[in-house]
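> heads up, no residue letters with this:
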C-alpha cells in the first residue's frame, strides 16, 4: 500500500484539522492507532509541524469529507499521473543521521567475518559507498584506529534475513567465479609439471654386457628375440657375433 510523504507530519495535520478517527488516520499514514492517539494527546511527534496533504496533492477535500461521514471508509492516496512507471531508485539505502556514525564499524565487521561479500553487496546492506568500503578494507580510513567491528544487524543498519540472503548469494557465486586461489594455482602448476616430465631412460648398470640390457628390455615385455636384437643394436654388436669371438680377435 502506498503511503503519503512525511507520515507523522501528515498525521499531525489530520488530527488537528479533521474529525477522522484514529484508525482512519493510522491506516492512511502507516502508523499504529495508539501512536495517532499519542499525537492527539501531545505525547508523540512533539515539535513536528503539520504537513497539509491537500495542498501537497496527497488527498482531496472530497475524500476527507467522505471519510468523515463514514468511519469505515479508508482514505485513498491522491493519484499522481506523473508517478506512473517510475522505477524504484537503485543504489545504497538511506541511513538515518543518528546511525551514520555506526557504518564504519558495520563495514569492518562485514569485511572481517564475511570476506566473500562484494563491495556492492556491503554498500546495499549498510547504505555506504564503495570508496569507504575500500578504505576500511585497505585500512587507509582516516579513523581506522578507532573502528571496532560491530554486527550491522545489532546496529540496526540491516535485517538478519537481508544479511543471510546476501551471504548465500555470495557463497553460491564463489565456486563458479573462475577465480583460483594461490594454493590451487600452485597445485595445478605442480601437476602440469609432473605430467610434462619424461621418464628417465633405463640404462643397465653393466654397459659392457648385453645380457643385463636384454633383461631390462624383457621387463618392458618385449619378446626375447626383439630384446636381444635391441641390445645388440645398442652396443653396436653385429648380429650372431658372440663376445668370445670379440676377445679372440683382440688377442690376434
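That came in fine, so what should we check first? Please read these numbers as outputs of a predicted model, since none were measured by experiment. Residues are numbered from 1 along each chain as shown.

> need the contact list for residue 33.
Residue 33 is in contact with 22, 23, 26, counting by C-beta atoms under 8 Å, 6 or more residues apart in numbering. For every residue, glycine as well, the C-beta is placed using N, CA and C.

> among those, which are in helices?
Of the contacts of residue 33, the ones assigned to helices by DSSP state H are 22, 23, 26.

> neighbours around the last one, how many?
Right, residue 26. 20 (other C-beta atoms under 10 Å).

> That one touches residue 36, doesn't it?
Yes - assessed by C-beta atoms under 8 Å, residue 26 is found in contact with residue 36 at 4.8 Å.

> Mind listing the shared neighbours of the two?
The contact lists of residue 26 and residue 36 share residue 11, where a contact means C-beta under 8 Å, 6+ apart.

> what does the strand or helix carrying residue 62 contact?
Assigning secondary structure by DSSP states H and E places residue 62 in helix 61-69. By C-beta under 8 Å, 6+ apart, the residues outside helix 61-69 that reach it are 18, 19, 20, 24, 54, 73, 74, 75, 76, 78.

> if I read this right, the fifth one contacts residue 18, doesn't it?
Put plainly, it is residue 54. No - using C-beta under 8 Å, residue 54 makes no contact with residue 18, being 10.2 Å away.

> now the helices for this structure?
So, for the chain - with DSSP H - the helices run 7-17, 22-29, 33-41, 61-69, 103-113, 119-126, 130-137, 152-155, 160-173, 182-196, 210-219, 224-234, 243-251.

> Excluding chain neighbours, what is closest to residue 36?
residue 22 (4.3 Å; C-beta to C-beta, 6 or more residues apart in numbering).

> residue contacts, that neighbour?
33, 36, 37, 40.
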